[in-house]
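Colleague: below: sequence and its predicted model.
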Amino acid sequence: MKRIPIPVLLLVMLLLTIIGCSSSQQSANGGTGASRTIETAKTESKHDIKLRIAWWGGQARHDYTLKLIELYQQQNPGVKIDTEYAGFDDYWKKLAPQAAANQLPDIIQMDISYLNQYSSKNQLEDLTELTSNGTLDVRSASAETIDSGRIGGKLYGIPLGVNAMGATFDAALLKQAGIASIPVNWTWSDLEQIARQMKGQGKVLDHMRFDQFFPYYLRTQNQHYFSSDGTSLGYSDPQYFIDYFTMYLKWYDAGYMRNWDKESLTKLTPEENPVALGDGFMTMAWSNQFVTLQEAAKKSLSMIGLPGPNGKQGLYLKPTMLFSISKSSKQKTEAAKFISWFINDLEANKLINGDRGIPISAAVKEGLKPTLTEADQKVYDYVAWAQLNSSVMDPPDPPGAAEVSKLLRDMQEQILYRKLSVEKAAARFMNDANTILAKNKK
């Protein structure tokens, strides 16, 4: 028998030891090199969910929404959310070119006045299936609330809250001027008298947003901004326009409102509001804006219904805003999961603090009761009052509504700058608006 030299034997044993150690190390690390590659790919894929979200608002809304998104990412470590936000007018200016380029964010904060415009161009996803299968949980919301995001039987937006228009005012300033209170059933004449007294104190009435309060005025006159089929204005007599803007111009010329040059430069944020700046006594605003406006003003404020006559006929509840998912999104399911969390998570809604309206989830509303501040309670009480003192909301604005409202703003500016008489503006607005809306005829 031939003997193997000891040095060779030692070398063989050393090689076997190295191979054994290598195999053990591979096993400890999860298998072969190929297995490790697969496992790494799986890990990376878990972190490959990216969403874009866009919203409008003031600084306070931006701040807490960023905190919300950070919280969601912590709870869902595989998700990364990029954010885009701006003031109301700038928001829609930025969104328009993204829509034209088919590059809308996955999640879009949507206003009811734009819902029809974007859905009619097939830019929004129908959320019916996502709500039906529970990915987007709306079980704790009323059917009526959810249906406010439907057009033609398709669900294009999930309301984030409900609210109502109202007059927010500084009661302490009014008392200093000798105005103890405002009657519940007050009128435009009452407001004019109050504005006259407050002008003597150096305080102004905030401008009433053209595309919200002219439609309100029309409703008080049993008229509507748009026809039921969306192919024309909802009124045919220009006298309604003339009456409203003649009143408005009279107040402006009397100095009851701040100069339009200054007003037109604002981004409509709470921090820029005359009431917050200390030179205003009242603003006409949505109820969800009350808390942030009071925070910006750093003083106690009060709320009352809008002036009439026929305020109950003019007032209505509406979604504060909605979340929509873009048709072009490649992450529709993940976007739906975020929206579901946003409307149903109690801790998230503690951060929202009613800024996006009274929550639509009955469970969340109940859970928030112990946390409500005095300001929050004022909003809850006002919306409860408005629910009993309002009428049914008009259908979502038709396609072309944004263009009509831009036209209305232009008419208002030309009236205030004395470039156009109220009568000529009324005729031009009616003609041009009807031309825009007639495009919707089938």
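Modeller: Arrived safely, thanks for sending.

Colleague: and the helices in the stretch 251-400 of the chain?
Modeller: 260-263, 274-277, 290-297, 311-314, 332-344, 346-352, 362-368, 374-388 (DSSP state H, counting those that start in this stretch).

Colleague: quick check: Leu174 vs Val275, distance?
Modeller: Distance, Leu174 to Val275, using C-beta to C-beta, to the nearest Å: 12 Å. (Glycine included, C-beta is placed from N, CA and C.)

Colleague: more crowded one of these two?
Modeller: Looking at Leu174 and Val275 with other C-beta atoms under 10 Å, you find the greater number of neighbours at Val275, namely 26 against 21.

Colleague: touching, the more buried one and Met282? I think so.
Modeller: Yes: using C-beta atoms under 8 Å, Val275 is in contact with Met282, at 6.9 Å.

Colleague: common neighbours of those two, please.
Modeller: 168-170, 206 (C-beta atoms under 8 Å, 6 or more residues apart in numbering).

Colleague: any chance of those residues in JSON lines, plus neighbour count, secondary structure and pLDDT?
Modeller: JSON lines is the format used below for the shared contacts of Val275 and Met282 (neighbours: other C-beta atoms under 10 Å; DSSP: H, G, I helix; E, B strand; the rest coil; pLDDT from 0 to 100):
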{"residue": "Thr168", "neighbour count": "24", "secondary structure": "strand", "pLDDT": "98"}
{"residue": "Phe169", "neighbour count": "24", "secondary structure": "strand", "pLDDT": "98"}
{"residue": "Asp170", "neighbour count": "22", "secondary structure": "coil", "pLDDT": "97"}
{"residue": "Asp206", "neighbour count": "22", "secondary structure": "coil", "pLDDT": "96"}
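
Colleague: ok, the residues you listed vs Ala402, which is closest?
Modeller: Checking those against Ala402 by C-beta to C-beta gives Asp206 as the nearest, at 22.7 Å.

Colleague: and the gap between Thr373 and Tyr240?
Modeller: Relative to Tyr240, and taking C-beta to C-beta, Thr373 is found at 40 Å.

Colleague: looking at those two, which one has more neighbours?
Modeller: Using other C-beta under 10 Å as the criterion, Thr373 and Tyr240 rank with Tyr240 on top: 19 against 12.

Colleague: after the lowest-mean-pLDDT helix or strand in the chain, which helix or strand is next?
Modeller: Lowest by mean pLDDT, DSSP states H and E among the helices and strands of the chain is helix 33-46, with a mean of 35. Remark: after helix 33-46, the chain's next helix or strand is strand 49-56, criterion DSSP states H and E.

Colleague: what mean pLDDT does that next one get?
Modeller: Mean per-residue pLDDT for strand 49-56: 97.

Colleague: off-centre distance for that strand?
Modeller: Relative to the centre of its chain, strand 49-56 is centred 14 Å away, using C-alpha atoms, centre = their mean, to the nearest Å.

Colleague: CA atoms only: put the helix or strand containing Lys175 into PDB for me.
Modeller: Secondary structure from DSSP H and E places Lys175 in helix 171-176. Listed in PDB are the C-alpha atoms of helix 171-176, where the atom choice follows Å, rounded to 0.1, in the frame of the first residue of the first chain:
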ATOM      1  CA  ALA A 171     -66.900  89.800  18.500                       C
ATOM      2  CA  ALA A 172     -64.600  91.900  20.800                       C
ATOM      3  CA  LEU A 173     -63.900  94.400  18.000                       C
ATOM      4  CA  LEU A 174     -67.700  94.700  17.300                       C
ATOM      5  CA  LYS A 175     -68.400  95.300  21.000                       C
ATOM      6  CA  GLN A 176     -65.800  98.000  21.100                       C
END
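
Colleague: coming back round to it: overlap in contacts of Leu174 and Val275?
Modeller: With C-beta under 8 Å, 6+ apart as the test, Leu174 and Val275 both reach Phe281.

Colleague: ok, now how distant is Glu192 from Met257?
Modeller: 12 Å.

Colleague: find residues that contact each of those two.
Modeller: Trp251.

Colleague: which one's more surrounded, the two?
Modeller: Met257 (21 against 16).

Colleague: now that one, what are its backbone angles?
Modeller: phi -120, psi 160 (degrees, to the nearest 10).

Colleague: what pLDDT does the model give it?
Modeller: On the pLDDT scale, Met257 gets 97.

Colleague: try Asn349
Modeller: At Asn349, pLDDT is 96.

Colleague: likewise for Gln25?
Modeller: 38.

Colleague: and Gly354, by the same measure?
Modeller: Gly354 carries a pLDDT value of 87.

Colleague: surely it touches Val379?
Modeller: Yes: in this structure Gly354 lies within contact range of Val379 using C-beta under 8 Å: 5.6 Å.

Colleague: just name the closest of the shared contacts of Val275 and Met282 to Pro183, please.
Modeller: Phe169 (13.1 Å).

Colleague: I figured the closest one hits Ile304, correct?
Modeller: Yes: counting by C-beta under 8 Å, a contact exists between Phe169 and Ile304, whose distance comes to 7.2 Å.

Colleague: which residues are common contacts for the two?
Modeller: Common neighbours of Phe169 and Ile304 (C-beta under 8 Å, 6+ apart) are Ile182.

Colleague: got a list of what Ile158 touches?
Modeller: Going by C-beta under 8 Å, 6+ apart, the list of residues near Ile158 reads 127, 131, 136, 138, 146, 149, 322-324, 339, 343, 360.

Colleague: how about 6 Å then?
Modeller: 149, 322-323, 339 (C-beta atoms under 6 Å, 6 or more residues apart in numbering).

Colleague: what bridges to the residue nearest to it when sequence neighbours are not counted?
Modeller: Spatial nearest neighbour of Ile158, excluding adjacent residues (C-beta to C-beta, 6 or more residues apart in numbering): Phe323 at 5.2 Å. On the basis of DSSP bridges, Phe323 is bridged to Gln109, Ile158.

Colleague: now do the same contact list for Phe323.
Modeller: Here Phe323 is in contact with 107, 158, 339 (C-beta under 6 Å, 6+ apart).

Colleague: list the contacts for the last one?
Modeller: Read that as Ile339. 136, 158, 323.

Colleague: burial of Gly400, as a residue count?
Modeller: Neighbours of Gly400 using other C-beta under 10 Å come to 22.

Colleague: quick check: it vs Lys94, distance?
Modeller: 20 Å.
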